[in-house]
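>>> I need the structure of the sequence given here:
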Amino acid sequence: MEMDRLSQILWRERELLETLAYRLEVERMVLTGGRTRWLVNVTREIEEVLADLRATEVLRATAADEVAERLGLTPNPSLGALAEAAADPWESILLDHRDAMLTLARDIAETSEDAKGLITAGYRSARETLLAIGGTTTSSYTPGGQAVVNAGGARLVDRSL
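Predicted structure coming up:
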């Protein structure tokens with residue numbers, strides 16, 4: 001009974017990880033396509049999935065501890081340790097869950113890094129554009145964190161536009 005409950009929770013966690021991977025991919029496509037008007041929606045959806053994941057992780061940890069106790073393991077076991085101590089068919093089921101979750105975690109990490117790079121590049125580009133439009137550039141910062149702005153300097157303006 002405890003093992004069945006753990007497996008159901010692991011399935012739910014896998015579904016949430018799949019959803020997270022999808023939402024992160026959507027975020028990356030929004031950023032790549034320059035459709036930043038949708039960024040707030042995508043970010044909110046990602047935060048919702050993360051909140052669900054955190055709640056599911058608590059359930060998984062509780063269920064895993066119950067199974068560990070029944071199998072004579074210490075609390076907070078890894079899925080590998082649970083699989084090793086479990087009899088078939090649970091051993092292969094738990095290993096399948098572990099392998100799928102590891103793959104999803106790798107995909108999520110890669111997509112997150114891509115999106116982070118796009119956000120950083122977009123921020124820099126927007127900042128440079130705003131500074132150029134405003135006619136100022138930030139050259140440095142004071143020890144207190146205030147920007148030191150230089151308004152001077154030569155500008156080339158194409159008046160034929």
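
>>> any idea which element the most centrally placed residue in the chain lies in?
Closest residue to the average C-alpha location of the chain: residue 112 at 5.3 Å, with Cα atoms, centre = their mean. According to DSSP states H and E, residue 112 maps onto helix 90-134.

>>> pLDDT averaged over that helix - what is it?
Averaged over helix 90-134, pLDDT sits at 77.

>>> swap in stretch 37-57?
Rounded mean pLDDT across stretch 37-57 is 90.

>>> is it fair to say residue 67 lies in a helix?
Yes: the assignment for residue 67 is a helix, going by DSSP: H, G, I helix; E, B strand; the rest coil.

>>> Give me the helices and strands touching the helix or strand hosting residue 40, please.
Using DSSP H and E, residue 40 sits within helix 39-71. In terms of contacts (3 or more Cβ pairs under 8 Å, 6 or more residues apart in numbering; DSSP states H and E), helix 39-71 is packed against helix 2-33, helix 79-85. To be clear about C-beta, it is placed using only N, CA and C from the backbone, and glycine gets the same treatment.

>>> relative to helix 2-33, how tilted is it?
Computed by axes from the mean of the first three to the mean of the last three Cα atoms, to 10 degrees, the angle separating helix 39-71 from helix 2-33 equals 160 degrees.
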